[in-house]
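Q: build me a model from this:
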Amino acid sequence: MAEQLLLSLLLCSLWSGLLWFSTQPLLKKFSALQHWPTLYWCLLVLSFLPLLPMPQLYQHWSIPSVLLQDTVISVQALAAQPQHPGLVEPTANTAFYWHISLGLVCIVSLLLLWRLVKQWQQVQQLIAQAEQVDTASLLSQAQLKLLPHSFEIRQTQAAVSPFIAGWSQMVLVLPAYISSMSQQQRLLLIEHELVHLQRRDPQQLLLLRVLVNLCWFNPILRLIEQAFIRSMELAVDKAVLAKQPQQALIYGQTLLSSLKQSQAQQVPTLMPGFIQANANSGFYQQRLQQLFQPAPQLSYWQRWRATAVLCSTALLLNVGCAQLSFSSPPEEWLLPVGKVPITSFYGVKHPFRKNRPHQGLDFGAKRGATVKAAQKGKVLIADDKSLHDRYGKTVLIDHGHGYQTLYAHLDDFYIKAGQTVEPGQPIGKVGATGRVTGPHLHFELLVDGKQQDPTPYLKL
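A: Numbers count the residues shown, from 1 in each chain. A predicted model of the protein is given here:
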């Protein structure tokens, strides 16, 4: 399980890198896409596409004819004597290292999340130390009508950029140096932050930061985060000037003044603000250029078409990778009932079976013991009617590439036909149904419809 998860996360990182670098030429050719923050959320969602369950298309499921016979006569002669477990070369146990690697990934993620919590606490502490300001004295009547009920404005002595903070109860924090600006500059600056509020940018940015810290091993997500912040600010600038285009020059002066007076090391990076601490000079040049040379806008149809293209790409990739569910034959098989005595090996003849060779392994587990899937696969049978009644309650699982496992004489089921099971997932209980002399698990391994000795595949 740890191996599969780590490989899936690695595949996510590679796929997100492919997505990111393939969209760069499009962003350069169609500059309007850089002013559409939703695009980066689409890229973010598509980055985790490899974690989604793939549809199992064009799989050929069949029940081996040897299991449908009404007798226990073997359809094949034994090619060799069953190997003794001591003579089978054990495979290297790499599960421990996979679990250690997954544990380290989780520990680093938790540490980064803890650092994020500390940053959030610092922002809340900054807000608590700020003085509350009368909202009506700073906002116009039109702005007051658009505000939520739980909203307040505070002023801080710290040299930070104005920013919006909170999740449900929102707070606008203004620096003391705002009093040195003209009234027009103050109104434009406040309008900028109110647009952030209307677009729910604080919540979006906080969710993005949590995701980036959880997936720290994927550097592309941090690039997407930075691009989203740039796109967000450009979109907000455009929205502010769309209402009052004649204020473009004053807006640019406000930006330069705030940039000059803000101290980057004190800017709370968790929240959207007029000035971004991690932005370079090129970004601010782009913002100033947009004030006087507006970038082309995306029409409603163009946005839907871009979204449709991204979703179609995701669907095609999902279908195209559907066969990767069983991309390689199983290598490591799990014991279906753990370390219990083997009461009858493969090929052993016994008067109870009229001296016919045994076609599987009998595990001497107690009644009610949990039976687990030996490998990932799809359940073909989970009943006591599909096969001969000598098997009793039976589960048949197809693992792809011609591999199937059978679990017979069960007392109860935990799964049903058509379900996909993971390695080690409980599928039933040991019982004594069918033709038996006592409670046990009869386990068979079939390859291309023929029973094989399971001993070399299991770590007995």
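Q: the helix or strand where L18 lies - contacts with which helices or strands?
A: Using DSSP states H and E, L18 maps to helix 2-29. If you count contacts as 3 or more C-beta pairs under 8 Å, 6 or more residues apart in numbering; DSSP states H and E, helix 2-29 packs onto helix 38-47, helix 95-129, helix 219-243. No exception for glycine: its C-beta is placed from N, CA and C like everyone else's.
Q: check which residues of the longest one are buried.
A: Of the residues in helix 95-129, those buried by neighbour count under the rule 16 or more other C-beta atoms under 10 Å are 98, 102, 105, 112, 116, 120, 123, 126-127.
Q: now, among those, which is nearest to G438?
A: Nearest to G438 among these: W98, at 38.0 Å, using C-beta to C-beta.
Q: list the contacts for the closest one?
A: Contacts for W98 (C-beta atoms under 8 Å, 6 or more residues apart in numbering) come out as 2-3, 6.
Q: now these as TSV including pLDDT?
A: Shown next, in TSV, are the contacts of W98 (pLDDT from 0 to 100):
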residue	pLDDT
A2	72
E3	74
L6	80
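Q: which members of those are classed as buried?
A: Taking 16+ other C-beta under 10 Å as the criterion, what is buried in the contacts of W98 is 2-3, 6.
Q: and what about Q451, helix, strand or coil?
A: Following DSSP: H, G, I helix; E, B strand; the rest coil, we place Q451 in the strand state.
Q: what sits closest to it if chain neighbours are left out?
A: Once flanking residues are discounted, Q451 sits nearest to Q359: 4.3 Å by C-beta to C-beta, 6 or more residues apart in numbering.
Q: could you do L187 as well?
A: Using C-beta to C-beta, 6+ apart and skipping the chain neighbours, the partner closest in space to L187 is S140 (7.5 Å).
Q: that neighbour: how many residues sit nearby?
A: 11 (other C-beta atoms under 10 Å).
Q: just checking, it touches R186?
A: No: S140 lies out of contact with R186 (C-beta atoms under 8 Å); the separation is 11.4 Å.
Q: returning to what we had before: of the contacts of W98, which is the nearest to L146?
A: Taking C-beta to C-beta as the measure, L146 lies nearest L6 of the contacts of W98, at 47.1 Å.
Q: show me the contacts for that closest one.
A: 98, 101-102, 105.
Q: C106 versus that one, what's the distance?
A: According to C-beta to C-beta, to the nearest Å, L6 and C106 sit 11 Å apart.
Q: equivalent analysis for H440, please.
A: Separation of H440 from C106 (C-beta to C-beta) stands at 39 Å.
Q: on that earlier part again, for the residue nearest to Q451, what are phi and psi?
A: Backbone torsions of Q359, given as degrees, to the nearest 10, read phi -100, psi 10.
Q: ok, now the one 4 residues further on?
A: Geometry field for F363 lists phi and psi as phi -100, psi 120, criterion degrees, to the nearest 10.
Q: please name the nearest non-neighbouring residue to it.
A: L441 (4.3 Å).
Q: gap between that neighbour and Q141?
A: Applying C-beta to C-beta to L441 and Q141 gives a distance of 77 Å.
Q: what of A248?
A: Note on A248: its distance to Q141, by C-beta to C-beta, is 24 Å.
Q: these two: which is more packed in?
A: Set A248 next to Q141 and count neighbours by other C-beta under 10 Å: A248 wins out with 18 against 7.
Q: what about the more buried one, helix or strand, and which?
A: Per DSSP H and E: helix 248-261 holds A248.
Q: buried residues in that helix?
A: Those would be 248, 250-255, 257-259, 261, for helix 248-261 by 16+ other C-beta under 10 Å.
Q: go on, stretch 18-31?
A: 19-20, 23.
Q: stretch 439-451 now?
A: Going by 16+ other C-beta under 10 Å, stretch 439-451 has these buried residues: 439-446, 451.
Q: do the same with stretch 2-17
A: So for stretch 2-17, counting by 16+ other C-beta under 10 Å, buried means 2-3, 6, 9, 12-13, 15-16.
Q: ok, and the closest non-adjacent residue to T420?
A: Leaving aside its sequence neighbours, T420 is closest to K378 (5.3 Å, by C-beta to C-beta, 6+ apart).
Q: before we move on, what SS does that neighbour have?
A: Going by three-state DSSP: K378 is strand.
Q: going forward, count from 25.
A: Got it, first residue is 25 now, which makes that one K402.
Q: what's the burial count for it?
A: Neighbour tally, K402, other C-beta under 10 Å: 20.
Q: check L163 too.
A: 20.
Q: run through the residues that contact it.
A: Here L163 is in contact with 171, 177, 214, 218 (criterion: C-beta under 8 Å, 6+ apart).
Q: quick one: stretch 262-280 to chain centroid distance?
A: Distance, stretch centre to chain centre, for stretch 262-280: 40 Å (C-alpha atoms, centre = their mean, to the nearest Å).
Q: end-to-end on it?
A: End-to-end distance for stretch 262-280: 17 Å, by C-alpha to C-alpha, to the nearest Å.
Q: what does it contact?
A: By C-beta under 8 Å, 6+ apart, the residues outside stretch 262-280 that reach it are 59, 205-206, 208-209, 212-213, 215-216, 219, 223, 261, 298, 308, 311-312, 314-316, 318-319, 321.
Q: now, those residues that are in helices?
A: The members of the contacts of stretch 262-280 that map onto helices under DSSP state H are 208-209, 212-213, 215-216, 219, 261, 308, 311-312, 314-316.
Q: from these, list the buried ones, please.
A: 209, 212-213, 215-216, 219, 261, 308, 311-312, 314-315.
Q: and the pLDDT for Y415?
A: If you check Y415, the pLDDT there is 90.
Q: how far off centre is stretch 28-36?
A: 10 Å.
Q: likewise stretch 307-316?
A: Using C-alpha atoms, centre = their mean, the offset of stretch 307-316 from its chain centre is 36 Å.
Q: where does the protein have its least confident helix or strand?
A: helix 324-344 (a mean of 69; mean pLDDT, DSSP states H and E).
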